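Undergrad: need coordinates for the below:
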Amino acid sequence: MPVSNILCKGERIKQLCTFKYLISTITPYARCDIEIQKRIALSKDIFTKMKSIFTNRNIRLSTKINTMKAYIWSILLYGCECWTLTKDLERRLKQQKCCISEELREYHGLKGIQAKK
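TA: Got it, this is the predicted structure:
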């Protein structure tokens with residue numbers, strides 16, 4: 001861990017490798033790996049918790065898609081405006097988004113049918 005040269009009232013301020021600010025994890029050198037891994041895990045967790053909604057045949061597909069966009073994708077992509085993405089991180093985010101969409105299509109017997117762009 002780097003040593004800080006900043007003093008406050010004669011005491012050296014401890015420098016952290018990572019810290020949480022609001023909901024985001026801040027790391028040195030603008031690395032987003034930890035934050036993106038956390039977002040992917042959170043979106044998987046929420047999707048699993050909401051599985052009863054997505055598998056319910058009495059709820060329209062359009063409602064499920066809107067729910068997925070409002071809850072799952074917003075959790076996955078929260079703070080993405082300031083992420084510095086590598087090709088690998090971009091691929092992992094796209095893969096997660098596709099996996100969630102594919103599961104929803106599978107629940108409705110639409111597996112193999114591509115969504116409109």
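
Undergrad: Lys49 versus the residue lying closest to Ser43 once chain neighbours are set aside, what's the distance?
TA: Ranked by CB to CB, 6 or more residues apart in numbering and with sequence neighbours excluded, the top spatial neighbour of Ser43 is Leu76, at 3.9 Å. C-beta: built from backbone N, CA, C; applies to glycine. Using CB to CB, to the nearest Å, we find Leu76 at a distance of 14 Å from Lys49.

Undergrad: tell me how far the residue nearest to Ser43 lies from Gln15.
TA: Distance from Leu76 to Gln15, by CB to CB: 30 Å.

Undergrad: who has more neighbours, those two?
TA: Neighbours per residue, other CB atoms under 10 Å: of Leu76 and Gln15, the larger number sits with Leu76, 21 against 13.

Undergrad: can you tell me the helix or strand for the more buried one?
TA: helix 74-77 (DSSP states H and E).

Undergrad: could you tell me which residues within that helix count as buried?
TA: By 16 or more other CB atoms under 10 Å, the buried positions in helix 74-77 come out as Ile75, Leu76, Leu77.

Undergrad: what of stretch 27-45?
TA: Residues of stretch 27-45 classed as buried by neighbour count (16+ other CB under 10 Å): Arg31, Cys32, Glu35, Ile36, Arg39, Ile40, Ser43, Lys44.

Undergrad: cool, and stretch 62-75?
TA: So for stretch 62-75, counting by 16+ other CB under 10 Å, buried means Lys64, Met68, Tyr71, Ile72, Ile75.

Undergrad: so the fourth one sits right up against Ser101, yeah?
TA: No: using CB atoms under 8 Å, Ile72 is not in contact with Ser101, being 9.5 Å away.
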